[in-house]
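J.: here are the coordinates; sequence isn't available:
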């Protein structure tokens with residue numbers, strides 16, 4: 001039975017890391033405005049990014065539900081999701097959030113947020129995912145290590 005400290009010990013919820021990048025982009029946009037692309041480009045990228053992110057993250061959440069575990073990193077994991085998009089990437093929710101981030105940046109016209117995205121992804125990769133993977137290795141052992149050998153972290 002998992003204990004109350006049976007979590008990856010993340011310093012912040014991952015969506016807040018993405019939100020921080022968008023806010024940084026908004027501040028930079030206020031001080032150093034960029035020329036927005038044509039409205040149809042903004043709409044196209046916004047729809048593709050937000051729609052793709054929603055679909056990918058939604059499929060990932062259904063994969064978690066299908067194995068009876070929570071996607072909440074502040075609660076103990078009870079199983080490893082390996083179906084759906086988890087067959088191709090170990091982090092489809094973060095990929096979905098990144099797609100939605102790009103879509104939202106275009107939708108609201110804060111293109112500086114795109115410059116912040118590599119920093120956001122670096123924090124997600126080196127701080128969030130690293131802790132989650134260390135936790136999952138300790139929690140599930142060889143089962144998770146075998147999954148890591150089969151499926152790439154990102155794509």
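T.: Thanks, I have the structure now. Here the structure is a predicted model, which is why all the values come from computation and not from measurement.

J.: skipping adjacent residues, who's closest to residue 20 in space?
T.: residue 120 (7.2 Å; Cβ to Cβ, 6 or more residues apart in numbering). Yep, even glycine has a C-beta here, placed from its N, CA and C like the rest.

J.: which residue ranges of the protein form helices?
T.: Per DSSP state H, the chain carries helices over the ranges 14-31, 39-67, 92-108, 112-123, 130-140, 142-150.

J.: what comes up buried for the second one?
T.: This points to helix 39-67. Buried residues in helix 39-67, counting neighbours by 16 or more other Cβ atoms under 10 Å, are found at 42, 45-46, 49-50, 52-53, 56-57, 59-61, 63-64.

J.: try the fourth one
T.: Residues of helix 112-123 classed as buried by neighbour count (16+ other Cβ under 10 Å): 112, 113, 116, 117, 120, 121, 123.

J.: do stretch 146-155 as well
T.: Neighbour counts over stretch 146-155 (16+ other Cβ under 10 Å) mark residue 147 as buried.

J.: most centrally placed residue in the chain?
T.: In the chain, the residue lying closest to the centroid (Cα atoms, centre = their mean) is residue 94, at 1.5 Å.

J.: how confident was the prediction at that one?
T.: pLDDT, residue 94: 98.

J.: isn't it right next to residue 14, touching?
T.: Yes - the criterion here is Cβ atoms under 8 Å, and residue 94 meets it with residue 14 at 6.7 Å.

J.: quickly list what's touching both of these two.
T.: 124, 128 (Cβ atoms under 8 Å, 6 or more residues apart in numbering).
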